[in-house]
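**Q** structure for this input, please:
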Amino acid sequence: MAMLLRLTSSSSRRSSRPGRNIFTKVHGIFILFRQTLVTAVAFAFAVTAGQVRAENSFSTVVIDPGHGGSDPGGIPGQIVPEKTVALDTALRLQKLLQRAGLRTVITRSTDIFVPLSVRSAIADAERDAIFVSIHYNASPRSSAHGIETYSENNRGAVLAARIQQEIIDRVSTENRGIRSADYYVLRKCRLPAVLVECGFLTNPTEAQLALTTAYREQIAEQIAAGIIEQRQFAFPPLAPTHRSGRLVHKNKKHRKIVDLERFGHPPPTIRIVRIAEHQG
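**A** So this is what the prediction gives:
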């Protein structure tokens, strides 16, 4: 009798697995669809909000290459230093914008450490300008890949949407969308500001791409294209999109590594912090 009960129980468990598997697949498809829809709606809203035509809505671009000097960026053990490829991409972007007739200001042009407060001060000294911070991403999951662009408010979101779309139109990678985060350089900047994550240096494929001049030039070209297009449109009135201190990051597949360069909240002795993403 006991054997019969065990056989029955085992059979019941086996028979229930297909149903659970189907449910898991359907649930996964729904989550993917929801994430795609949210990104699409966010992009459409951001672009629509900035559709008011304006001739030369800004004349200066403050370019901010992430990290530098004693701060290599990224995560411990990372082979490709973020500070190096970020600077090269930023310098390429600067040349492209200057050729297009835009005035540029860059927060660092060599491998030096520039405090976040100084970066913000450089930006805030400018008028009729926008702020673009150049970074490369990192994750404890080597499979994480793609490009995403951050803003802190609706004015930055308009610019982020245009830059993200230009990059995704030409670069063959995952579109991780436009996102909102309380990054220090975005929060402290009074200009329309964005932070572009140009790929994951912890992903073997994207790390190898980032080491090529062709990839960095292409990324710079597409960022420049988004900036130049946005110049034809006015920015909407400022309307903060979230409470100070809150991180909005919709991709729940991995725990994102966020460092001092982006947030500026931890004491200087703490370079790397992990932000656990909400699952609900």
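
**Q** avg pLDDT for whatever helix or strand Q165 lives in?
**A** In this structure, Q165 sits in helix 154-170 according to DSSP states H and E. The pLDDT scores in helix 154-170 average 97.

**Q** after that helix, next one along is what?
**A** Counting by DSSP H and E, the next helix or strand C-terminal to helix 154-170 is strand 175-180.

**Q** report the buried residues of that following strand.
**A** N175, R176, G177, I178, R179, S180 (16 or more other CB atoms under 10 Å). C-betas here are computed from N, CA, C, even on glycine.

**Q** which strands and helices sit next to the helix or strand just after it?
**A** Later in the chain than strand 175-180, the nearest helix or strand by DSSP H and E is helix 184-187. With contacts taken as 3 or more CB pairs under 8 Å, 6 or more residues apart in numbering; DSSP states H and E, helix 184-187 sits against helix 116-124, strand 129-137, strand 193-200, helix 260-263.

**Q** can you pull the buried residues of helix 184-187?
**A** Y184, V185, L186, R187.

**Q** with just CA atoms, put that helix into PDB.
**A** These are the backbone C-alpha positions of helix 184-187, laid out as PDB (Å, rounded to 0.1, in the frame of the first residue of the first chain):
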ATOM      1  CA  TYR A 184      24.800  62.200  -9.000                       C
ATOM      2  CA  VAL A 185      25.800  63.900 -12.200                       C
ATOM      3  CA  LEU A 186      22.200  63.900 -13.500                       C
ATOM      4  CA  ARG A 187      20.600  64.900 -10.200                       C
END
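
**Q** average pLDDT for it?
**A** 94.

**Q** relative to G156, which of the buried residues of helix 184-187 is nearest.
**A** The closest of the buried residues of helix 184-187 to G156 turns out to be L186 (CB to CB; 6.5 Å).

**Q** the strand or helix carrying E148 pairs with which strands?
**A** Taking DSSP H and E as the definition, one finds E148 inside strand 147-151. If you go by DSSP bridges, strand 147-151 pairs up with strand 175-180 (parallel), strand 193-200 (antiparallel).

**Q** what does it rub up against?
**A** Applying CB atoms under 8 Å, 6 or more residues apart in numbering, the set of residues contacting strand 147-151 from outside is 137, 156-157, 159-161, 163-164, 167-168, 171, 173-181, 183, 186, 193-199.

**Q** mind checking which of these are buried?
**A** Buried among these (16+ other CB under 10 Å): 137, 156-157, 159-161, 163-164, 167-168, 171, 173, 175-181, 183, 186, 193-199.

**Q** where does this structure dip in pLDDT?
**A** Across the chain, the ranges flagged by pLDDT under 70 are 1-55, 240-280.

**Q** can you pull out the helices in it?
**A** Secondary structure of the chain (DSSP state H): helices at 2-49, 82-99, 116-124, 154-170, 184-187, 204-210, 213-230, 260-263.

**Q** which helices and strands sit right next to the second one?
**A** Meaning helix 82-99. strand 60-65, strand 103-106, strand 129-137, strand 193-200, helix 213-230.

**Q** rerun at 7 Å
**A** Where contact means 3 or more CB pairs under 7 Å, 6 or more residues apart in numbering; DSSP states H and E, helix 82-99 is packed against strand 60-65, strand 103-106, strand 129-137, helix 213-230.

**Q** which residue, neighbours along the chain excluded, lies closest to S109?
**A** Distances taken as CB to CB, 6 or more residues apart in numbering place L91 nearest to S109, at 6.9 Å, with adjacent residues excluded.

**Q** from N154, how far off is that neighbour?
**A** Per CB to CB, to the nearest Å, L91 is found 30 Å from N154.

**Q** please name the nearest non-neighbouring residue to T213.
**A** D88 (7.9 Å).

**Q** what of Q164?
**A** T149 (4.3 Å).

**Q** and the one you found, how many neighbours?
**A** 27 (other CB atoms under 10 Å).
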